[in-house]
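Student: Turn this into a model:
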Amino acid sequence: MDKELVKVPFGTLDFYKYEKDGLIFYEFDATECQPPEPMVNTINVLKMIKSKNERVVGTFFHEPSPLYAKISDYFLYEAKELESGDFEITFMLK
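Tutor: Model prediction:
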């Protein structure tokens, strides 16, 4: 699977785009960021999602609970705790 570095408007992290199982993913790692940078970057990349076959996958140093409330009208999410103690969150349109 080839991951392509993509520019996210107003993003301050590296974002990668790839396709898997017919879905398009935008992936980023916010584990080294301090608030509010993880939330700001997530909201900026979520603005790019226009269809139900697109996903955003972010890795966070904690579960971003305040973010969930901000996006709950438009997005669903699945959280998975990793062995490292970080969280991998997948976001998708409702």
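Student: who touches the closest residue to residue 14 other than its chain neighbours in this structure?
Tutor: Excluding its sequence neighbours, the residue lying closest to residue 14 (CB to CB, 6 or more residues apart in numbering) is residue 5, at 6.3 Å. (C-beta placed from N, C-alpha, C; glycine too.) For residue 5, the contact set (CB atoms under 8 Å, 6 or more residues apart in numbering) comprises 14, 15, 16.
Student: next one: residue 12
Tutor: With contacts defined as CB under 8 Å, 6+ apart, residue 12 is in contact with 37, 40, 41.
Student: Tell me which stretches of this structure form strands.
Tutor: Secondary structure of the chain, counting by DSSP state E: strands at 4-6, 15-20, 23-29, 54-60, 75-81, 87-93.
Student: just to revisit the earlier point, test of understanding: give the bridge partners of the residue nearest to residue 14.
Tutor: When bridges are assigned using DSSP bridges, the partners listed for residue 5 are residue 16.
Student: one step back: could you flag which of the contacts of residue 5 are buried?
Tutor: The neighbour-count test (16 or more other CB atoms under 10 Å) applied to the contacts of residue 5 identifies residue 15 as buried.
Student: of all the contacts of residue 5, which comes closest to residue 46?
Tutor: Nearest to residue 46 among these is residue 15, at 11.5 Å by CB to CB.
Student: For residue 29, see how far away that closest one is.
Tutor: According to CB to CB, to the nearest Å, residue 15 stands 10 Å off from residue 29.
Student: next one: residue 70
Tutor: Going from residue 70 to residue 29 by CB to CB gives 20 Å.
Student: These two: which is more packed in?
Tutor: Legend: neighbour count by other CB atoms under 10 Å for residue 70 and residue 29, higher for residue 29 (18 against 14).
Student: List the beta-bridge partners for that one.
Tutor: With DSSP bridges applied, residue 29 shows beta-bridge pairing to residue 59.
Student: isn't it right up against residue 59?
Tutor: Yes. With the criterion set as CB atoms under 8 Å, residue 29 and residue 59 qualify as a contacting pair; they are 4.6 Å apart.
Student: give me the low-pLDDT residue ranges for the protein?
Tutor: Applying pLDDT under 70 to the chain flags no residue at all.
Student: Output the longest helix belonging to it.
Tutor: helix 37-46 (DSSP state H).
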